[in-house]
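**Student:** Fold the following.
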Amino acid sequence: MINVIILNKFLDSTWKTILALAIVIVAFFALLGLIGRLIEKIMYLQGKKIDKFMSPLVLAGLVDDDKKFSLIAKRKSRLYFVKTSILPLLLILIGLLIWIFYHLINHNWSESIFNDKTGIGTLFYTWNFSKMTYYLPLGFGNITLQNSPHFLTNQSMINYFIFLFIFTGLIWYLYNVQGYISRMLRIKKLEDRIFSKDLENVDLGVLFNEVNKDK
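**Tutor:** Residues are numbered from 1 along each chain as shown. Model prediction:
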């Protein structure tokens with residue numbers, strides 16, 4: 001009788017674990033799908049910068065072939081990338097300089113900006129898995145809470161600012177890189193759509209509107 005009770009408890013625990021894992025997996029893939037859709041939308045909006053750069057030139061008849069269109073559009077895109085990347089790179093540089101001067105002062109180059117003692121890890125829950133045990137089929141034990149969120153008030157709080165500068169600058173720069181790629185793809189698309197036709201018999205204003213509607 002006791003064995004039956006133990007078995008029932010075991011099966012109940014296993015079923016709950018499997019159900020929880022299934023929910024986590026489904027939520028994970030749903031989140032990936034949403035992120036993918038968001039990136040696709042952002043890239044489309046970033047690529048539309050080329051329309052703003054080039055439509056006045058095309059409509060004025062200053063650009064009348066695909067090679068000239070591609071050359072000018074890519075040049076404008078590169079200049080825009082350089083201009084918009086100055087500030088994020090400056091933020092990264094400031095973060096690195098703060099990191100260097102901070103460690104020159106405290107002489108502790110092994111101090112991490114990520115751990116839960118001196119870095120941003122202090123702002124999150126962390127767990128200790130060093131003594132973790134595994135129970136068949138999907139059970140785990142001896143996982144202890146290592147850190148509860150708290151804010152540093154000593155000199156190590158400088159690590160917060162180091163991370164903030166570098167992380168913000170890096171994400172911003174990667175966003176600009178994505179924008180540059182999006183504009184290159186848009187250039188190719190507009191080049192093929194516009195200059196695959198006889199421009200003498202095409203209303204370019206209408207054509208640009210048609211291209212802009214095509215996502």
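**Student:** Stretch 149-165 - what's its average pLDDT?
**Tutor:** Mean pLDDT, stretch 149-165: 90.
**Student:** same question, stretch 172-190
**Tutor:** 94.
**Student:** ok, residues contacting that stretch?
**Tutor:** 39, 42-44, 46-51, 54, 69-70, 73-74, 77-78, 80-81, 84-85, 87-89, 91-92, 211 (C-beta atoms under 8 Å, 6 or more residues apart in numbering). Every C-beta, even on glycine, is put in place using the N, C-alpha and C of the backbone.
**Student:** Selection in ChimeraX covering whichever of those are buried, please.
**Tutor:** When burial is assessed using 16 or more other C-beta atoms under 10 Å, the buried subset of these is captured in ChimeraX by this command:
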select :43,46,47,49,50,51,54,69,70,73,77,80,81,85,88,91,92
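**Student:** how about the strands in the chain?
**Tutor:** 126-128, 133-135, 139-141, 144-147 (DSSP state E).
**Student:** Switch the ones you listed over to TSV; also include mean neighbour count and distance to T168.
**Tutor:** Below are the strands of the chain laid out as TSV (neighbours: other C-beta atoms under 10 Å; distance: least, C-beta to C-beta, whole Å):
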stretch	mean neighbour count	distance to T168
strand 126-128	12	23
strand 133-135	10	40
strand 139-141	11	36
strand 144-147	12	24
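**Student:** would you turn the ones you listed into JSON lines with distance to L59?
**Tutor:** Shown next, in JSON lines, are these (distance: least, C-beta to C-beta, whole Å):
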{"stretch": "strand 126-128", "distance to L59": "58"}
{"stretch": "strand 133-135", "distance to L59": "67"}
{"stretch": "strand 139-141", "distance to L59": "65"}
{"stretch": "strand 144-147", "distance to L59": "60"}
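**Student:** Pick out the shakiest of those, pLDDT-wise.
**Tutor:** Among the strands of the chain, strand 139-141 carries the lowest mean pLDDT (a mean of 68).
**Student:** So what's the residue count around the nearest residue to D66 once chain neighbours are set aside?
**Tutor:** Nearest non-adjacent residue to D66, counting by C-beta to C-beta, 6 or more residues apart in numbering: F195, 3.9 Å away. Look at F195: counted by other C-beta atoms under 10 Å, it has 18 neighbours.
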